[in-house]
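fold the following for me, if possible:
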Amino acid sequence: MHRWGIYEILIVDLGIIFIDIARFLVRSVDHRMLIAITGATGLIGRAVAPILKGAGHSILSVVRRPPGPGEVGWDPISGSIDATGLEGVDAVIHFAAENVASGRWTAVRKDRIRMSRIRGTDLLCRGLARLAKPPRVLICASAIGYYGDCGARMLDESQPPGNDFLANVVRDWENAAQPALDAGIRVVQLRFGIVLAGNGGALPKMILPFQLGLGGRLGRGRQYWSWIAIGDVVGIVSHALATETLSGPVNATAPKPVTNLQFTKTLGRVMSRPTLFPVPACILKIVLGEMAESLLLASIRARPERLLAAGYIFQHSELEPALREILFPRAD
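Numbering: from 1, shown residues only. Below you'll find the model as predicted:
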């Protein structure tokens with residue numbers, strides 16, 4: 001029988017800002033596992049690793065710097081990995097990838113975005129496939145950018161990929177896990193939407209203009225934004241570890257995506273700030289180029305059909321309560 005526990009954590013951001021990720025249910029597994037994680041210092045890795053440790057699992061960080069105790073070295077750029085250091089792991093969580101929102105998509109940046117995902121995943125999966133005893137499960141980060149701009153159409157995991165830069169990258173990113181599949185490893189590819197957290201990701205970047213009273217919709221505001229609260233990200237990872245029938249692509253998004261206009265008005269209401277200053281799409285395209293079209297103006301209305309069918313219970317299905325808990329956590 002699976003055990004359920006409620007864990008609370010404080011994440012330190014830059015050693016200064018403490019963000020309470022609040023309470024959420026974590027589904028544990030029947031035995032303690034040794035879990036290797038790439039990208040453990042990223043937004044999602046920083047949230048997931050402490051919870052898995054709190055549930056009694058052991059964490060092995062896969063790092064690009066010289067490894068220390070409890071770490072394994074790898075270098076996706078040079079194509080090297082200490083695969084022998086992964087012998088005996090029960091599960092691998094692969095979150096390492098270049099941040100797509102950290103700057104304008106120049107030719108160099110696009111190459112780094114693509115290679116960090118495809119080359120890194122291929123390297124890791126080939127290394128896992130060579131192990132004498134491969135892990136039972138590999139959980140890979142992916143993205144709803146796979147679908148491209150689809151307007152108001154509801155998207156489940158059976159939909160075909162889009163045909164823009166990001167959709168092509170995500171398609172090839174997921175295909176790079178084939179060596180792990182060929183080795184009999186259960187692979188779960190979590191197609192994340194906009195991850196909402198107080199200590200990183202998209203939300204802190206959105207907050208400043210609202211604090212200044214300059215918040216507003218982006219473009220016409222009709223594009224759908226599929227979002228997911230950080231607490232549910234951790235819950236979904238734990239659920240994927242424990243649910244042996246879950247594999248393949250999985251939309252890691254809340255069940256109720258909203259339009260950018262709805263998101264804007266909700267964030268303004270939560271922060272008690274006006275939302276009177278829209279940003280025209282043409283300005284976004286001039287400033288951010290192709291990145292604006294794919295990340296801010298594209299409409300992706302994803303629904304987590306496979307998670308719901310697998311019995312995952314969302315802690316945050318509605319946007320407003322999620323934003324309130326993230327931005328104004330209760331001090332219990």
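
alpha carbons only for contacts and neighbour counts from here, please
Fine.

what about the helices in the protein?
Assigned by DSSP state H, the helices in the chain fall at 43-54, 107-129, 165-175, 178-182, 202-211, 230-242, 260-271, 281-288, 290-291, 305-309, 319-327.

can you list contacts of the second one?
Where contact means C-alpha atoms under 8 Å, 6 or more residues apart in numbering, the residues beyond helix 107-129 that reach it are 76-77, 79-81, 83, 86, 94, 96-100, 103, 134-135, 169, 172-174, 176-180, 182-183.

I228 bridge partners, please.
Beta-bridge partners recorded for I228 (DSSP bridges): V195.

how close does it get to P179?
Going from I228 to P179 by C-alpha to C-alpha, to the nearest Å gives 29 Å.

more neighbours: which of those two?
I228 (26 against 20; other C-alpha atoms under 10 Å).

surely the more buried one meets L196?
Yes: counting by C-alpha atoms under 8 Å, L196 is a contact partner of I228 at 6.0 Å.

out of the helices of the chain, which gets nearest to I144?
helix 165-175 (8.3 Å; C-alpha to C-alpha).

for that closest one, packing partners?
helix 107-129, strand 137-143 (3 or more C-alpha pairs under 8 Å, 6 or more residues apart in numbering; DSSP states H and E).

switch those over to JSON lines; also include distance to I37.
As requested, the helices and strands packed on helix 165-175 are exported to JSON lines (distance: least, C-alpha to C-alpha, whole Å):
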{"stretch": "helix 107-129", "distance to I37": "11"}
{"stretch": "strand 137-143", "distance to I37": "9"}
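
so who does L60 touch?
By C-alpha under 8 Å, 6+ apart, the residues touching L60 are L34, I35, A36, I37, G70, E71, V72.

from H31, how far out is the spatially most central residue of the chain?
Central residue of the chain (C-alpha atoms, centre = their mean): F192, 4.5 Å from the mean position. To H31, F192 is 27 Å away according to C-alpha to C-alpha.

same thing with R65?
From R65 across to H31, the span is 31 Å (C-alpha to C-alpha).

same question, N168
38 Å.

more crowded one of these two?
N168 (17 against 9).

OK, contacts around the more buried one?
By C-alpha under 8 Å, 6+ apart, N168 lies in contact with Y146, P161, G162.
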